[in-house]
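Enquirer: sharing a model prediction with you, sequence too.
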Amino acid sequence: MELGGADTTADVAVVGAGPAGLYAAYCAGFRGLSSVLVDALPEPGGQIAALYPEKKIYDVAGHAAVRGRELIDNLVAQVAPFEPQYLLGRTAASLAPDAGAGGWAIGLEDGGLVRAGAVVIAGGLGRSVPRTMPALRPYEGRGVAYHVPRLDDHRGRDVVIVGGGDSAVDWALALAPIARSVTVVHRRSAFRAHEHSVKQMYAADIRVVTDAQVTACTGAEYLEEVRVTAGEEELTLPAQALVAALGFITSLGPIAEWGLQVENRQIAVDRAMRTNLPRVYAVGDICTYEGRVPLVSVGFGEAATAANHAAVELRPGSRLAPEHSTDRDGAPLS
């Protein structure tokens with residue numbers, strides 16, 4: 001993995017190194033274009049790597065199920081032959097025309113500059129701040145967390161999971177064979193998670209407490225107990241870990257000031273993934289168009305569409321459709 005320096009030049013700049021961004025860089029490389037990936041996180045993979053590395057993903061073609069960490073490792077390995085540059089732990093702050101190069105200049109928060117002929121914005125859900133509750137804040141980093149980087153960290157622990165969406169139920173199912181006990185606390189009686197997953201949760205060795213609210217966390221230094229109110233009943237649950245799967249508050253961050261057409265905090269694109277700015281594309285969950293389905297697999301298709309249209313823009317006269325991968329020996333196209 002090549003890490004870029006203070007100022008970097010490439011044919012295509014990809015803002016966001018999550019699944020869609022990594023695949024956009026691969027598709028650009030397939031067309032013989034150099035790329036640089038910019039991401040505020042310290043490692044590639046976006047929110048999947050940062051928040052859900054152990055969760056299984058079920059909407060990737062060719063995989064009955066694939067762990068988040070495995071998917072990202074495979075995407076990094078796939079793009080590696082094209083030697084993209086990585087600017088990790090660095091935030092893209094501004095976007096301006098680069099008159100000298102005829103493309104775009106991306107200013108980084110640390111003062112660095114990226115020059116590229118085309119830009120693919122693959123920022124996922126943008127900047128995300130986890131939702132929390134007053135009772136949880138005193139024990140953040142001392143037993144309370146908002147995701148599970150490594151399932152095995154909770155081996156033999158009593159774990160309380162708060163929430164009723166897919167993340168809460170998925171973590172409960174993943175931790176049930178590892179933790180000493182798993183309890184799911186949800187403020188409603190019905191879960192928002194997929195029905196099949198909810199049925200699995202109720203059939204597993206998982207305690208489910210509904211119509212309930214966490215009222216306090218206690219412990220001398222680290223979390224030891226969680227107090228829950230369920231109707232008129234007061235419960236005290238042993239817990240060395242609490243996972244708050246309450247969702248995230250998202251925003252576009254600096255991207256909102258780039259002059260892009262934004263609809264409901266997403267970037268509007270056409271069928272070629274083009275934004276209202278020339279040679280600037282958006283893919284993945286950060287983009288919107290009529291009928292879009294928010295799946296990882298859809299983001300891959302959008303990344304391929306954007307990269308191939310960028311190739312035509314950067315090299316007029318070239319074909320939109322690339323060669324079939326089975327017709328070549330792995331060398332970049334010229």
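Expert: Sure, I can see it.
Enquirer: report the buried residues of the host helix or strand of residue 161.
Expert: Counting by DSSP states H and E, the element that carries residue 161 is strand 158-162. Neighbour counts over strand 158-162 (16 or more other CB atoms under 10 Å) mark 158-162 as buried. Bear in mind the C-beta positions are built from the backbone N, C-alpha and C, glycine included.
Enquirer: let me know the closest of these to residue 107.
Expert: Using CB to CB, residue 162 comes nearest to residue 107 of those, at 39.3 Å.
Enquirer: residue 98 contacts residue 107, doesn't it?
Expert: No - here residue 98 does not reach residue 107: they are 10.7 Å apart, not a contact under CB atoms under 8 Å.
Enquirer: now do the residue nearest to residue 52 when sequence neighbours are not counted against residue 201, distance only.
Expert: Take residue 52 and drop its neighbours on the chain: the residue closest to it by CB to CB, 6 or more residues apart in numbering is residue 68, 4.7 Å away. Distance, residue 68 to residue 201, using CB to CB, to the nearest Å: 20 Å.
Enquirer: could you report the neighbour count for residue 211?
Expert: The number of residues packed near residue 211 is 14, by other CB atoms under 10 Å.
Enquirer: report the contact partners of it.
Expert: By CB atoms under 8 Å, 6 or more residues apart in numbering, the contact set of residue 211 is 186-189, 230-231.
Enquirer: how close does it sit to residue 299?
Expert: 36 Å.
Enquirer: okay, and the beta partners of residue 56?
Expert: residue 67 (DSSP bridges).
Enquirer: need the contact list for it.
Expert: Applying CB under 8 Å, 6+ apart to residue 56 gives the contacts 65-68, 170, 174.
Enquirer: and residue 218, by the same measure?
Expert: Residues counted as contacts of residue 218 (CB under 8 Å, 6+ apart) are 224-227.
Enquirer: ok, and the most crowded of the residues you listed?
Expert: Most neighbours among the contacts of residue 218, by other CB under 10 Å: residue 226, with 29 neighbours.
Enquirer: residue ranges for the helices of the stretch 51-200 of the chain, please.
Expert: 68-79, 166-175, 195-203 (DSSP state H, counting those that start in this stretch).
Enquirer: hang on, the earlier thing: now do the residue nearest to residue 52, the pLDDT please.
Expert: Listed pLDDT for residue 68 reads 89.
Enquirer: that one: neighbouring residues, count only.
Expert: So residue 68, with other CB under 10 Å, has 22 neighbours.
Enquirer: again, but for residue 166
Expert: Residue 166: 16 neighbours (other CB under 10 Å).
Enquirer: which SSE is residue 48 in?
Expert: helix 46-51.
Enquirer: what does that helix contact?
Expert: Contact with helix 46-51 is made by 16-19, 21, 39, 41, 43, 57, 68-69, 71-72, 124-125, 128, 146-147, as judged by CB under 8 Å, 6+ apart.
Enquirer: burial of residue 316, as a residue count?
Expert: Neighbours around residue 316, by other CB under 10 Å: 6.
Enquirer: can you put the contacts of residue 218 in TSV and add pLDDT and distance to residue 31?
Expert: Formatted as TSV, the contacts of residue 218 follow (pLDDT from 0 to 100; distance: CB to CB, whole Å):
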residue	pLDDT	distance to residue 31
224	98	56
225	97	57
226	98	53
227	97	58
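Enquirer: between the residues you listed, which is nearest residue 259?
Expert: Comparing these against residue 259 with CB to CB places residue 226 closest, at 46.8 Å.
Enquirer: phi, psi of the closest one?
Expert: Main-chain torsions, residue 226, degrees, to the nearest 10: phi -130, psi 130.
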